[in-house]
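A.B. asks: How does the following fold in three dimensions:
(2 chains)
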Protein chains: 2
Amino acid sequence: MNKKRVAVFFGGKSFEHDVSILTGLQVMQVLDITKYEPIPVYVDVDGKWWTGKALLDMKNYPIDENIRATLHHIAISVGRGDLTPRFEILNPKMFGKKFIEFDIAFFAFHGSMGENGPMQGVMEASNIPYTGADVLSSAIYMSKTDTKAICRSIGIKVLDEIVLKKPNINESFDVKSLTKGLKINFPVCVKPANLGSSVGVSKAVNEDELQTSILQVFKLDNEVIIEPFVENLKEYNVAVMKNLDGEIITSVIESPVEKHEFLDFKDKYLASDGAKKTGPAKLAVPTEGLLSMGREYNPQITDEMKHFIETSAKKLFGYMGATGNPRIDFLCNSKTNELWLNEVNPIPGAFAFYLWEKSEHKINYAKLVDIIIQNGFKNFDAKNKNIDLKTASSIIFKKK
Amino acid sequence: MNKKRVAVFFGGKSFEHDVSILTGLQVMQVLDITKYEPIPVYVDVDGKWWTGKALLDMKNYPIDENIRATLHHIAISVGRGDLTPRFEILNPKMFGKKFIEFDIAFFAFHGSMGENGPMQGVMEASNIPYTGADVLSSAIYMSKTDTKAICRSIGIKVLDEIVLKKPNINESFDVKSLTKGLKINFPVCVKPANLGSSVGVSKAVNEDELQTSILQVFKLDNEVIIEPFVENLKEYNVAVMKNLDGEIITSVIESPVEKHEFLDFKDKYLASDGAKKTGPAKLAVPTEGLLSMGREYNPQITDEMKHFIETSAKKLFGYMGATGNPRIDFLCNSKTNELWLNEVNPIPGAFAFYLWEKSEHKINYAKLVDIIIQNGFKNFDAKNKNIDLKTASSIIFKKK
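C.D. replies: Residues are numbered from 1 along each chain as shown, chains lettered A, B, ... in the order given. Got it, this is the predicted structure:
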C-alpha cells in the first residue's frame, strides 16, 4: 500500500502564528507513519512557504537565516489544472528535484489567514484534497457576527449584539460619534468580530472604557461587537465532527477555569510567565499555557444544559455542511443557568484532542488526526462526484 | 503615469462558463485603455489558466487545439510570498519571457467556482488585489440558505424554507424517505441551495413532482431548498455598490418580464432559439438572450415597495462589508404587494451595467468597470492597513 503524503501546513499570517507551529509539530509527531508520510509546510509571516527536515524540530524555531538556507521554498501553481497535487520548488538545487508531490493538504493553522477560507480556497481552485472545514464554513465560523446570524436563523440561542464598523473614509475619526445615540446597558463585552482566541476581548463598565476598548479593537479588526456582559460567567466548550461512519458526534464538555473574569489570549496560549514574552515574533511556548490552564471536564451541569450544548453544536455543524472538526464555545450565567452559543473555532488549538480523548468515543490524538485526514479525502470525493457538468447540462437545458 | 495591468479572469469550472466568457470580453472591450492594460485570463473547465491575444476575439471560442497552441499556459505561485503579483508562464518559449506581471485580478466569473470564494481566496493567500466581493461575502451570497439566514438576523423579510441535504452515506437513497413527514403546502418552489442563475429551479404541485424535482437538484447540488411558491409572481432586481466616495448606492430597479411562470436558466442566458443549443460545452450567445429578454425598468410600484427594495439591498450589502457590486433579487406577490428578498448574485451577468446606466447615477459600462477596479484597490489597501501584526502584538499581550 502506498503511503499517503500529508502536507501539514502551519504558521501563517496570523496573530496565532506561533501556536500554529506547535499544533503542526504535534500533528506530525502523532501521525501514523505506517499509513502516512508527513511533509511539513511552514508558512512564514510574509506568506512564503517552506519545507525541509529542519522544520520538524521545535528547537529550530524561530527560523533564522542558517536554518532557512537548508529549506526548500515551495509553492502551489494555481492554474496548472486538475493534475496530481504537487509543490513547485522555487529554489531548486542544481540537478535537484523540481517539485514534491503530495496527496492532501492538512491545515494546522490558527487565526485569520489559514483558518478563515483563503487557504481552503487555494486548494479548491487547484482541485486538491484538504482537511477541515470548507471555504464557506471556515469563513462563517471565523466571523462571530455571521455565525450568530446563522444561529438565530436556525433557532440556537445567542446574545444580542451591536456591531460597529471601522469608518474608513479617512484615517482619523471621532470614537464618540460612533457610540453616540447607542443605548447601552453597562457592563458590556467588547470584542473583534473576526479574530479567534479571545484576542482583543475586553470588558467595559462605562462610556470611557467602551471607547478605549473600541479603539483597541479597531487596531486589530474592522468590526467590533458589543454584547451584554454575562454575569456569573462560566464558559463551556465542546468539540464536534463526523466520525468515519458519517455520524455527527460530540466530545466531552469542558469548562475552562477562569483566572480573570474571562479568558484572554494570554490565558489561553501563554504559560504563567507569559508577561515576559514579547509578542508573536518570538516563539512562545503556547501548549504549556494551553495545557496547564485549568480545565474541568464533564462539569457539573444539569441534563438540560448538557442537552442544549450538545444539540446546538450538532445542529450548527450539520447545518453548515458538517465539514471540519470545530470546537464550539458557550457562555453561561452560572446563577441562572442561561446558556448562549458564543463562537466557533474551526481549527481549535491542538485540535482539541484532549476533549476527544476524554470523550465516550475515546479518540486519541493519533486517531483524531487519522479521522481528520480520512474526512478530508471523503469531502473531496463527495464534492467531485457532485459537480458533473456533463450530467448537469441535460437538466439545466431541459424545458420545465 | 503607468497603466495598471488588469488581469481579467473568465470561463471557469461552472455551469455558466460560456456566459462568463461573454462578460469577460465585454469588460476588456469597455476598459479605459488610457488608464488600464487588459490581460485576458481564460480558465478552462479543467482548471487550466491561459492567456494570449487570441482570447480577445469572440470568434476563437470555443478554444480548439490550434488556438490553444498560440496561448501561454499560466499560473499564480501561491507560496511565493508577498511580492509583485505575476503569472508564471508554464510553457515558456525558448528564450521567451518566464512571467507576466500584473496589478489586479478582475473577476468576470459567473457561477460556482469563481464567484463563490475560492478564486478570491487564491488572491488573498497571495496578497494580490482583486475586484468584487471578498471571500466571506462571495461564499455567503452564493449560498441561498446562508444569505437568507443573514437576512433574518438583520430583519430583512425572506420566505420560509425547508432545506434537505443529499444523503451521502451511500450512492442510492429513497427520495420518499426524505420528504416523509414534511408538512408541505403545495405548490412549492424547489431549487438548489448553491447555484446561481435559476439553474435547476422548478415548481412542484404535488408529492410526485416534488420528488422528481429533488432528484434533479441532487444531480447539481448537495442541498435543496423547498419554499412556498409565490402566487402572482413578479420579480424585482436592484444592483448595489459603493461609489468612489465610499457611499453605498443602488441602481434603477428592473422587473424581468416573465415568459414562463418564472425565469429559468434558458430565459436568462440563451436567445429564443436556445432549445437548439446543446449545453455548456458549446458557446451559446448568452448576452443576446440576456439583453433581448424582456425587462421593465422603473416598474410601477408603490413608494413603500421601492423603499423596501432599496433599503434591504443597502442594509444587506453594508452588513456584509460592502465589497463587490452584487445584484439583489426580490420576489413579489403582485396582488398583495408582499415582497421577500430572494437571492444575491455577487457577479451578475454583464455586471448589470444596464441597471447602472439607467440609474440616476448614469454610470455607463466603462465607468462601472473603472469603479469596480478602483474599489478593488481600495479594499486591498484597507485590509492591509488593518492587519498590522506589529502594532497588534502590544495590544494582544497587554494586561486588561
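A.B. asks: For burial, what's the neighbour tally of the residue in the stretch 1-150 of chain A that chain B sits nearest to?
C.D. replies: Using C-beta to the nearest C-beta, residue A:121 is the residue of the stretch 1-150 of chain A that sits closest to chain B, at 2.0 Å. All C-beta atoms are positioned from the backbone trio N, CA, C, and that covers glycine. Neighbourhood size, residue A:121 [other C-beta atoms under 10 Å in any protein chain shown]: 30.
A.B. asks: where's it relative to residue B:360, distance?
C.D. replies: Residue A:121 sits 37 Å away from residue B:360, going by C-beta to C-beta, to the nearest Å.
A.B. asks: got it, and residue A:204?
C.D. replies: 42 Å.
A.B. asks: of these two, who's got more company?
C.D. replies: residue A:204 (20 against 9).
A.B. asks: residue contacts, residue A:355?
C.D. replies: A:237-239, A:251-252, A:254, A:297, A:327 (C-beta atoms under 8 Å, 6 or more residues apart in numbering or on different chains).
A.B. asks: how about the nearest residue to it, chain neighbours excluded?
C.D. replies: residue A:251 (3.7 Å; C-beta to C-beta, 6 or more residues apart in numbering or on different chains).
A.B. asks: so the one you found sits right up against residue A:238, yeah?
C.D. replies: Yes: using C-beta atoms under 8 Å, residue A:251 is in contact with residue A:238, at 5.8 Å.
A.B. asks: And the helices in chain A, which stretches?
C.D. replies: A:17-30, A:65-68, A:112-115, A:118-125, A:135-141, A:144-154, A:175-179, A:207-217, A:265-269, A:286-292, A:303-319, A:353-357, A:365-386, A:389-396 (DSSP state H).
A.B. asks: okay, these in a markdown table with mean pLDDT and distance to residue A:77 next?
C.D. replies: Putting those into a markdown table (pLDDT from 0 to 100; distance: least, C-beta to C-beta, whole Å) gives the following:
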| stretch | mean pLDDT | distance to residue A:77 |
| --- | --- | --- |
| helix A:17-30 | 95 | 23 |
| helix A:65-68 | 96 | 22 |
| helix A:112-115 | 82 | 20 |
| helix A:118-125 | 96 | 11 |
| helix A:135-141 | 96 | 20 |
| helix A:144-154 | 95 | 32 |
| helix A:175-179 | 80 | 44 |
| helix A:207-217 | 91 | 38 |
| helix A:265-269 | 49 | 34 |
| helix A:286-292 | 42 | 33 |
| helix A:303-319 | 97 | 34 |
| helix A:353-357 | 97 | 34 |
| helix A:365-386 | 91 | 19 |
| helix A:389-396 | 43 | 23 |
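A.B. asks: To residue B:47, which of these lies closest?
C.D. replies: Closest of the helices of chain A to residue B:47 is helix A:118-125, at 7.3 Å (criterion: C-beta to C-beta).
A.B. asks: now for the closest one, which elements pack on it?
C.D. replies: strand A:72-78, strand A:104-107, helix A:135-141, helix B:118-126 (3 or more C-beta pairs under 8 Å, 6 or more residues apart in numbering or on different chains; DSSP states H and E).
A.B. asks: Specify the angle between it and helix B:118-126 in degrees.
C.D. replies: For helix A:118-125 against helix B:118-126, the angle between stretch directions is 130 degrees (axes from the mean of the first three to the mean of the last three C-alpha atoms, to 10 degrees).
A.B. asks: Tell me where the model's unsure across the stretch 1-150 of chain A.
C.D. replies: A:1 (pLDDT under 70).
A.B. asks: and the residue nearest in space to the middle of chain A, what does it touch?
C.D. replies: By C-alpha atoms, centre = their mean, the mean C-alpha position of chain A lies nearest to residue A:347, the distance being 3.0 Å. Counting by C-beta under 8 Å, 6+ apart, residue A:347 touches A:23, A:107-110, A:114-115, A:132-133, A:324, A:326.
A.B. asks: so what's residue A:40 closest to, chain neighbours aside?
C.D. replies: Here the residue nearest residue A:40, using C-beta to C-beta, 6+ apart, is residue A:55, at 4.0 Å.
A.B. asks: isn't residue A:126 right next to residue A:76, touching?
C.D. replies: Yes: counting by C-beta under 8 Å, residue A:126 touches residue A:76, with 5.8 Å between them.
A.B. asks: Who has more neighbours out of those two?
C.D. replies: Per other C-beta under 10 Å, whichever of residue A:126 and residue A:76 has more neighbours is residue A:76, with 28 against 24.
A.B. asks: can you pull the contacts of the residue lying closest to the more buried one once chain neighbours are set aside?
C.D. replies: Distances taken as C-beta to C-beta, 6+ apart put residue B:78 closest to residue A:76, at 5.1 Å, once the chain neighbours are dropped. Residue B:78 is in contact with A:49, A:75-76, A:78, A:122, B:122, B:125-126, counting by C-beta under 8 Å, 6+ apart.
A.B. asks: Residue B:368: which of those is nearest?
C.D. replies: residue B:122 (24.2 Å).
A.B. asks: right, and that closest one touches residue B:76 too?
C.D. replies: Yes: counting by C-beta under 8 Å, residue B:76 is a contact partner of residue B:122 at 6.3 Å.
A.B. asks: returning to what we had before: let me know which of the helices and strands packed on helix A:118-125 is the nearest to residue B:69.
C.D. replies: Closest of those to residue B:69 is strand A:72-78, at 20.5 Å (criterion: C-beta to C-beta).
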